[in-house]
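Visitor: Give me a model of this one.
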Amino acid sequence: MDKHASLSFTKMHGAGNDFILFDNRAIKLDDKELAALAPSICDRKFGIGADGVIALQFDDSKKADLVMLYKNPDGSDAGMCGNGARCFSLYAVTLGSPKKFTFRVHQKIYQASVRGNSATISFPLTTRVEEQSVGSQHLMNIYTNTEHVVCPVQEQYLCNEEALIEQGRTLRRHEDFHPLGTNVNFIAGVDKNRLCLQTYERGVENLTLACGTGAIASALGWHHLQQGASGNFIYKVKVKGGTLTVKFSFDEETKQYSNIKLKGPATFVFEGQYYL
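Guide: Okay, the predicted model is just below:
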């Protein structure tokens, strides 16, 4: 990487979950270089500031139209990032992509559909809700192409952010989730199809204003707690940065969730040059 070079970037957010995006097709930073760049560029005092950095590039394997490379602010791999994927989708359209396209994250192929300032991401995912106890804490372990646990709480507890951070930090690194750790979601139901959410994100190591894959895990967890029957469902998940929509199907016989889609806003904030 040329230390005198500059990187053209776009800052975006999806319901307050903010990201730095750039076109990697010409620059061609590899995974290690992106991981090394993430801590400095995501730093909110000495860099641009973001919950993650996203690089767009063609898929050389030809399995999908594009590839989304994502890194947490600490340089670690996030698995999948739902809010980042929505921002990635709108960003790709500004670079000439059609409004419906496929993109790859690791070896999984996602479908994106952009309409106005909203994007819907279809997840290649079939998953289950696994109940689990960690010490005295009863929670649900739900894989949404990245690791998540869901903790039901009283609605007023969602305002106690100091306690959420302390509990989230403890669970995120608990030995039961080694070696990768997990993201921690605190949910409170509003009614049958609506819930409120706060997420402590691994890699950010703090609460974020929104988490897309966490919203999916939380919607499935809330359905599970209500002993939901088979069918197709639409849940609204209220986070501090806005509201996300999660669509899914459930098969009561197999206890499996499928046809999972995440919909929500994505917003352009500013563009600039970051000097490497």
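Visitor: Please parse the protein into its domains.
Guide: 6-122+266-275, 130-264 (automatic domain parsing).
Visitor: Let me have those domains in CSV, extended by mean pLDDT.
Guide: Below are the domains of the chain laid out as CSV (pLDDT from 0 to 100):
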stretch, mean pLDDT
domain 6-122+266-275, 97
domain 130-264, 97
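Visitor: Mean neighbour count added to the ones you listed, as TSV?
Guide: Bear in mind the C-beta positions are built from the backbone N, C-alpha and C, glycine included. Below are those laid out as TSV (neighbours: other Cβ atoms under 10 Å):
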stretch	mean neighbour count
domain 6-122+266-275	19
domain 130-264	19
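Visitor: Would you list the phi and psi of the closest residue to residue 77 other than its chain neighbours?
Guide: With sequence-adjacent residues excluded and distances taken as Cβ to Cβ, 6 or more residues apart in numbering, residue 77 is closest to residue 71, at 6.8 Å. Phi and psi for residue 71, reported as degrees, to the nearest 10, are phi -130, psi 140.
Visitor: residues in contact with residue 71?
Guide: Residue 71 makes contacts with 34, 35, 37, 38, 52, 53, 77, 78, as judged by Cβ atoms under 8 Å, 6 or more residues apart in numbering.
Visitor: now residue 119
Guide: Residue 119 touches 85, 86, 87, 89, 90, 112, 113, 263, 264, 266, counting by Cβ under 8 Å, 6+ apart.
Visitor: Go through those and name the one nearest residue 223.
Guide: Nearest to residue 223 among these: residue 263, at 16.8 Å, using Cβ to Cβ.
Visitor: The closest one is in what secondary structure piece?
Guide: strand 256-265 (DSSP states H and E).
Visitor: list the helices and strands that strand packs on?
Guide: If contacts are counted by 3 or more Cβ pairs under 8 Å, 6 or more residues apart in numbering; DSSP states H and E, strand 256-265 sits against helix 82-94, strand 118-122, helix 212-225, strand 242-251.
Visitor: where do the helices sit along the stretch 101-250 of the chain?
Guide: Along the stretch 101-250 of the chain, the stretches classed as helices by DSSP state H, counting those that start in this stretch are 161-172, 212-225.
Visitor: Ok, which of those comes nearest residue 19?
Guide: helix 212-225 (11.2 Å).
Visitor: got the angle between that closest one and strand 256-265?
Guide: 130 degrees (axes from the mean of the first three to the mean of the last three Cα atoms, to 10 degrees).
Visitor: Give me the angle between helix 212-225 and helix 82-94.
Guide: Between the axes of helix 212-225 and helix 82-94, defined by the same axes, to 10 degrees, the angle is 130 degrees.
Visitor: angle of helix 212-225 against strand 242-251?
Guide: 50 degrees.
Visitor: returning to what we had before: format the helices and strands packed on strand 256-265 as JSON lines; extra columns: distance to residue 138.
Guide: Compiled in JSON lines, those are given as follows (distance: least, Cβ to Cβ, whole Å):
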{"stretch": "helix 82-94", "distance to residue 138": "25"}
{"stretch": "strand 118-122", "distance to residue 138": "30"}
{"stretch": "helix 212-225", "distance to residue 138": "11"}
{"stretch": "strand 242-251", "distance to residue 138": "21"}
